[in-house]
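Engineer: Quick one: sequence plus predicted model below, questions after.
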Number of protein chains: 2
Amino acid sequence: MEKEWRRSMPLLSMNIVMQLTGLTARQIRYYEEQELVLPARTEGKQRMFSLDDIDTLLEIKDLLKTGVNIAGIKQIFELKNSPVVSKDVRKVISDIELRAIVKEEMQLAQRQQRASLRQGDLSRFYR
Amino acid sequence: MEKEWRRSMPLLSMNIVMQLTGLTARQIRYYEEQELVLPARTEGKQRMFSLDDIDTLLEIKDLLKTGVNIAGIKQIFELKNSPVVSKDVRKVISDIELRAIVKEEMQLAQRQQRASLRQGDLSRFYR
DNA sequence: TAGTATATGTTATGTTATCTAACATGTCAA
DNA sequence: TTGACATGTTAGATAACATAACATATACTA
């Protein structure tokens, strides 16, 4: 309860966030438009990000890379914020994400009669 | 060696540093002019501060409030960076600062035949 | 007492960083 | 092909920051 303070404090400007996440300003603003991140604003309306925001952005980046679209990410984030999942958040969430992704990919594959999901794409969920 | 990374990373812009330290931009720039802090710069020459810089600024603020002038602070910082004092840095430094301050104040008092140093001013060094 | 140094305030002027909004484009699936 | 999605690009406006010069209060010094 001193670390929480810092992680949620909006200290970082756009430029730094671009560097830390490897995302473009356009991407970051788009994700905000889609309400996936909600950076604070200065009096002059400039975005200020917290470390938590960085985590969120990195997760978005990762999920997009995995093939989940914005709508899917929205769902996942909603699940995360649902009070049901507040025991061992970390692990539970991973499972949920996994299932969401697999489900989406399965549906895709079915609809297209093809295997859009190569083995390698799930490897990071196993060990 | 993962925390060092973060503490020395220049992530913070002027505005945030002003808020975190309670110093004005003028003060911060002046301290840099006096080479007490050396913030990084963006390509566009804008200052970017690290958490270490914040610590330094807060220390400057504190020392100034205690009555030490810029020259004195410079000395103290030089002592800190001297390789001699690299065992139990924390404690040793406090002592050095204390002595430096006391010395300065004593000289002042002597020259002026007055007691410029009230008891209360040193109270924070004792317990 | 008059003069000087120190640390900071204030103002002016230019540059960099960020904003919003609109339009363009590559990719993929229907 | 057509359309949706995610992102690129550009334009024009504003916010944030830069340097530099001058002003000033306080505290020392002569």
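Structural biologist: That came through, no problem.
Engineer: going forward, measure contacts and count neighbours with C-alpha atoms only.
Structural biologist: OK.
Engineer: A:Ile43 falls within a strand, correct?
Structural biologist: In this structure residue A:43 is Glu, not Ile. No. A:Glu43: not assigned to a strand; according to DSSP: H, G, I helix; E, B strand; the rest coil it is coil.
Engineer: Let me see the ranges of the helices in chain A.
Structural biologist: Secondary structure of chain A (DSSP state H): helices at A:3-7, A:14-21, A:25-33, A:51-66, A:70-81, A:89-112.
Engineer: tell me which parts of chain A are close to chain B?
Structural biologist: Contact residues (CA under 8 Å from any CA of the partner chain) of chain A with chain B: A:Leu11, A:Leu12, A:Ser13, A:Ile16.
Engineer: Kindly tell me how buried the last one is, as a neighbour count.
Structural biologist: If I follow you right, that is A:Ile16. 18 (other CA atoms under 10 Å in any protein chain shown).
Engineer: Hmm, A:Leu12 and A:Asp52 touching each other?
Structural biologist: No. Applying CA atoms under 8 Å, one finds A:Asp52 not in contact with A:Leu12, separated by 10.9 Å.
Engineer: more neighbours, the two?
Structural biologist: Neighbours were counted for A:Asp52 and for A:Leu12 using other CA under 10 Å; A:Leu12 has more, 21 against 17.
Engineer: And the pLDDT at the more buried one?
Structural biologist: Note on A:Leu12: pLDDT of 98.
Engineer: Same question for A:Ser116.
Structural biologist: Note on A:Ser116: pLDDT of 28.
Engineer: do the same with A:Ser123
Structural biologist: pLDDT recorded at A:Ser123 is 22.
Engineer: Look up the closest residue to A:Arg47, ignoring the ones flanking it.
Structural biologist: Spatially, and ignoring its direct neighbours in sequence, A:Arg47 is nearest to A:Arg41 (4.6 Å; CA to CA, 6 or more residues apart in numbering or on different chains).
Engineer: Can you list the buried residues in stretch A:68-81?
Structural biologist: A:Val68, A:Ile70, A:Gly72, A:Ile73, A:Lys74, A:Ile76, A:Phe77, A:Lys80 (16 or more other CA atoms under 10 Å in any protein chain shown).
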